[in-house]
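Undergrad: when you get a sec, could you give me coordinates for this:
(one chain, ligands or ions: 1)
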Amino acid sequence: MSKINIAVVGGGIAGLALAAGLAKKLHLSVHVYEAVGEYLDVGAGLALHRNAIRAMALLGPEHKDELVAKLGRAKGRKSGPKIQLKFVTGMSTFADCLLGADGVPSVTRSYLLGPDHPATGPKNHGEEARKQINPTWKTSVPILPGPSGHINCTPLNRNTRLSAGVAVRDDHDHAPFYSCNNVAMLGDAAHASLPFAGNGAAQALEDAAVLNYIVTAQQAFRQVRRPRSQSVVDLARKLGRVYAFAEDGMHGDPMRTKAFFAEMAAFTNDFDVESQNHEALGPFRQSLEGDVDARVWSPPVLSN
Ligand SMILES: Cc1cc2nc3c(=O)[nH]c(=O)nc-3n(C[C@H](O)[C@H](O)[C@H](O)COP(=O)(O)OP(=O)(O)OC[C@H]3O[C@@H](n4cnc5c(N)ncnc54)[C@H](O)[C@@H]3O)c2cc1C
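TA: Residues are numbered from 1 along each chain as shown. Predicted structure coming up:
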């Protein structure tokens, strides 16, 4: 049996987590293409919330996605036109399916939405600049809010270092879709978020868990993942305003602030990641029933 050739572009959290899951499927041949030759310690910390941990657990076991693999084979689908990847060296290769996990300035996003789409490039939806500092404090002080700036602190290396991120980076306007036929984007490429919800990597891992479950069923992926991941992007913007004392009366009302944080933490962290995978099966089955041929290439329909 010839294998389905999957190209994962980008070896960050999203790309590597997805590849680790896909590499266990015997009917797939998975290649990860990463632009940089070496990962460096930039002194930044990452908090992985409960939804991230659950998504990683779903990427572990092999048996859970057998059903989907069998469904796909039973219908005898053939892959459509291959995708060509061109490298700066002048070399190129082909893949049956391209999964772009290439971060904020994503080539895959530009390919899917078009280079001129208003949601293709990052925009500043927060503050002007972000600077990483490494103070000598060792105590965990998660967030220092304030009207003229706020600092996010994450303890590193078992509380022997503290990473403090000041202010922000850009995020994207919401993409109207995450995939088209045999190309999909995931992680920051699909839904880069301001860091205030501490959930960008977690959302990348949720993407990887769903894509790992349904493999190349792009319609199911976008139907299930777009609403939730874009809600988290909106939430991060709102949290940024709360930290800056700029959210409508929140600063003067500690009880309201506390209730808001509890509700938002439940929304991101206590999410049922496994049910999300099962939910993706509905549209996936539909696509197998023939009303949508997810594999035949046609240009994406853009909406503003
Ligand atoms: C200061 C800061 C703090 C954060 N804190 C948290 C947190 O506490 N919790 C949390 O969940 N999230 C957090 N995040 C967000 C999280 O880091 C990101 O959401 C996550 O790293 C996104 O992973 P990714 O794999 O999608 O993208 P990236 O990590 O950006 O990886 C993309 C990869 O693709 C490669 N690439 C790019 N273009 C190409 C190309 N053309 N060809 C090949 N390779 C390419 C890049 O070199 C890179 O390795 C934080 C982010 C920042 C900046």
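Undergrad: in the longest helix anywhere in the chain, what's buried?
TA: In the chain, assigned by DSSP state H, the helix with the most residues is helix 218-243. Buried residues in helix 218-243, defined by neighbour count with 16 or more other Cβ atoms under 10 Å: 218-226, 228-233, 235-243. Glycine gets a C-beta too; all of them are placed from N, C-alpha and C.
Undergrad: one more: stretch 185-193?
TA: Those would be M185, L186, G187, D188, A189, A190, H191, A192, S193, for stretch 185-193 by 16+ other Cβ under 10 Å.
Undergrad: can you list contacts of it?
TA: If you take Cβ atoms under 8 Å, 6 or more residues apart in numbering as the criterion, stretch 185-193 is touched by 10, 12-15, 18, 99-104, 106, 108-109, 112, 122, 169-172, 174-175, 178-179, 199-200, 203-204, 207-208, 211, 225, 229-230, 232-233, 236.
Undergrad: quick one, which of those residues are buried?
TA: Among those, those classed as buried by 16+ other Cβ under 10 Å are 10, 12-15, 18, 99-104, 106, 108-109, 112, 122, 169-172, 175, 178-179, 199-200, 203-204, 207-208, 211, 225, 229-230, 232-233, 236.
Undergrad: out of those residues, list just those in strands.
TA: Judged by DSSP state E, strands contain the following of the buried ones among the contacts of stretch 185-193: L99, G100, S179.
Undergrad: re the thing from before, ok, the longest helix of the chain near the ligand or not?
TA: No - Helix 218-243 stays clear of the ligand (Cβ under 6 Å from any ligand atom), getting no nearer than 9.4 Å.
Undergrad: that helix - contacts with which helices or strands?
TA: Under the contact definition 3 or more Cβ pairs under 8 Å, 6 or more residues apart in numbering; DSSP states H and E, helix 218-243 sits against strand 179-180, strand 183-185, helix 188-191, helix 200-214, helix 254-269, helix 273-288.
Undergrad: tell me what angle it forms with helix 200-214.
TA: 170 degrees (axes from the mean of the first three to the mean of the last three Cα atoms, to 10 degrees).
Undergrad: now do helix 218-243, average pLDDT.
TA: Per-residue pLDDT over helix 218-243 has a mean of 83.
Undergrad: pretty sure A7 sits in a strand.
TA: Yes - checked against DSSP: H, G, I helix; E, B strand; the rest coil, A7 lies within a strand.
Undergrad: please name the nearest non-neighbouring residue to it.
TA: Distances taken as Cβ to Cβ, 6 or more residues apart in numbering place A95 nearest to A7, at 3.6 Å, with adjacent residues excluded.
Undergrad: phi, psi for the one you found please.
TA: phi -140, psi 150 (degrees, to the nearest 10).
Undergrad: show me the contacts for the residue in the stretch 201-304 of the chain positioned nearest to the ligand.
TA: Nearest residue of the stretch 201-304 of the chain to the ligand: A201, at 3.2 Å (Cβ to the nearest ligand atom). Residues in contact with A201 (Cβ under 8 Å, 6+ apart) are I13, L46, L48, A52.
Undergrad: go again using 6 Å as the cut-off
TA: Residues counted as contacts of A201 (Cβ atoms under 6 Å, 6 or more residues apart in numbering) are I13, L46.
Undergrad: which residues of the stretch 201-304 of the chain lie near the ligand?
TA: A201, A202, A204.
Undergrad: ok, so of the residues you listed, who is nearest A164?
TA: Of all these, A164 sits closest to A201, with 18.2 Å by Cβ to Cβ.
Undergrad: confidence score at Q132?
TA: 47.
Undergrad: likewise for T268?
TA: 89.
Undergrad: check the one 5 residues further on too.
TA: Confidence per residue is given as pLDDT, and for V273 that number is 83.
Undergrad: about what we covered before: so how far is the longest helix of the chain off the chain centroid?
TA: 10 Å (Cα atoms, centre = their mean, to the nearest Å).
Undergrad: so who does H150 touch?
TA: H150 is in contact with Y243, counting by Cβ under 6 Å, 6+ apart.
Undergrad: quick one, strands of the stretch 1-150 of the chain?
TA: Per DSSP state E, counting those that start in this stretch, the stretch 1-150 of the chain carries strands over the ranges 4-9, 28-33, 83-86, 92-95, 97-100, 130-133, 143-144.
Undergrad: returning to that earlier point: can the residues of the stretch 201-304 of the chain next to the ligand go into a markdown table with extra columns for distance to F261?
TA: Converted to a markdown table, these look like this (distance: Cβ to Cβ, whole Å):
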| residue | distance to F261 |
| --- | --- |
| A201 | 20 |
| A202 | 16 |
| A204 | 23 |
